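A.B. asks: 3D model of this:
(one chain, ligands or ions: 1)
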Amino acid sequence: MTVDMTTRLGSLTLPNPVLTASGCAAAGRELSHYFDVSELGAVVTKSIQLRARSGRPTPRMAETPSGMLNSIGLQGPGIDAFLRDDLPWLAQHGARAVVSIAGGSTDEFVSLTRRLYGNRAVAMIEVNISCPNVEMRGEVFACDPSAAARVIGAVRRAADPHTPVFAKLTPDVTDITLIARACADAGADGLSLINTLLGLEIDVDRMAPVLGGVTGGLSGPAIRPVALRCVWQVHEALPHLPILGMGGIRTGLDALRFLLAGASAVSVGTAVFGDPDAPIRVLHELEHELAERGFVSASEAVGRAHPHHAMVRS
Ligand SMILES: Cc1cc2nc3c(=O)[nH]c(=O)nc-3n(C[C@H](O)[C@H](O)[C@H](O)COP(=O)(O)O)c2cc1C
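C.D. replies: Coordinates of the predicted model:
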């Protein structure tokens, strides 16, 4: 049996619901040595900033049980090089590009958004607000409902009306539904859930933090239950808002769990470091798992695990 794998993220229709995760596959070029990137739902690019940045002090990676800590920071080429080299490459290879943007102020987010306006290679904008606000003593935008809403509202107004704008949230808050609602009210077309959790590892020989930047973002299977909980809570609170879910997805079954919890699509991040084929494998496995359970479409599975959903359907 074939399953209709198409999915919708706001006004954007994708051929299937499996994407890469921002920061884990650069702009897709490396992955193209392993599979055809146009076969994925979309490629989500590393968060791009106005200017090239070199990131945080080394070491920037530490392995932890079932996970990984990274303090790469927002290292990258800057918007000019991205528009010149990376975005055209994705378009030439038939890949849909979800462009992730990051800034230290609302104005920076707006400037980045304007640079993307009207560019037909941009399928969607993912606004990484899980980064520090330099105008608010470094407080993370996504930890404060009004700062989050300010950025998302400004980006939505500055963006091409045809381009969906998704807000990417951090789980490091007391109530993620408050932030989700603030973003939705400000005009977000959907949410990407979740970014990494703030963590720390200690080197007992040096008796010092392992990472040069002291703290880092925790990702991988260790965070999957946290990510599923966030997707679940936000879908429960805002059932009509599309969610791009991520956090520790390694298999088609993991991806199915996210769909059932309320995600319309998923991103595969850390898994690609150990297995560059992971996104395409997850896609094929997901299709198989859906077929095995008698689903005729992926969208039919979205939110299916919620009690109210079961009631509506029966
Ligand atoms: C090395 C690394 C770099 C990342 N860089 C970004 C980034 O630039 N922007 C962003 O929004 N998220 C970034 N993330 C977070 C991932 O996109 C994803 O939200 C998170 O890692 C959870 O998914 P995973 O467990 O499948 O990796 C990064 C994650 C890792 C591991």
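A.B. asks: Just give the nearest non-adjacent residue to the residue of the stretch 1-150 of the chain found nearest the ligand, would you?
C.D. replies: Of all residues in the stretch 1-150 of the chain, Gly23 sits closest to the ligand, at 1.9 Å by Cβ to the nearest ligand atom. Placement of C-beta: from N, CA and C, glycine included. Distances taken as Cβ to Cβ, 6 or more residues apart in numbering put Lys46 closest to Gly23, at 4.8 Å, once the chain neighbours are dropped.
A.B. asks: you'd agree the one you found is up against Ser100?
C.D. replies: Yes. Under the contact definition of Cβ atoms under 8 Å, Lys46 touches Ser100, with a separation of 6.7 Å.
A.B. asks: What pairs with the lengthiest strand in the chain, parallel or antiparallel?
C.D. replies: When the chain is parsed with DSSP state E, its longest strand is strand 122-128. Looking at strand 122-128 with DSSP bridges, its partner strands are strand 97-101 (parallel), strand 165-169 (parallel).
A.B. asks: as a whole number, average confidence for the last one?
C.D. replies: Same thing as strand 165-169. Strand 165-169 comes out with an average pLDDT of 98.
A.B. asks: now the first one
C.D. replies: Across strand 97-101, pLDDT averages out at 98.
A.B. asks: Would you map the helices across the stretch 201-314 of the chain?
C.D. replies: For the stretch 201-314 of the chain, the helices defined by DSSP state H, counting those that start in this stretch occupy 224-237, 252-261, 271-274, 278-292, 307-313.
A.B. asks: looking at these, which is buried most?
C.D. replies: Ranked by average neighbour count under the criterion mean count of other Cβ atoms under 10 Å, the helices of the stretch 201-314 of the chain are headed by helix 252-261 at a mean of 24.
A.B. asks: Report back the residue of the protein that's furthest from centre.
C.D. replies: Residue farthest from the centre of the chain, counting by Cα atoms, centre = their mean, is Asp205 at 35.4 Å.
A.B. asks: quick one, what contacts Phe273?
C.D. replies: Shown in contact with Phe273 (Cβ atoms under 8 Å, 6 or more residues apart in numbering): 24, 68.
A.B. asks: so what pLDDT did it get?
C.D. replies: Reading off the model, Phe273 has pLDDT 96.
A.B. asks: Could I get the strands paired with strand 122-128 in a markdown table, plus columns for distance to Glu63 and mean neighbour count?
C.D. replies: Shown next, in a markdown table, are the strands paired with strand 122-128 (distance: least, Cβ to Cβ, whole Å; neighbours: other Cβ atoms under 10 Å):
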| stretch | distance to Glu63 | mean neighbour count |
| --- | --- | --- |
| strand 97-101 | 25 | 28 |
| strand 165-169 | 24 | 28 |
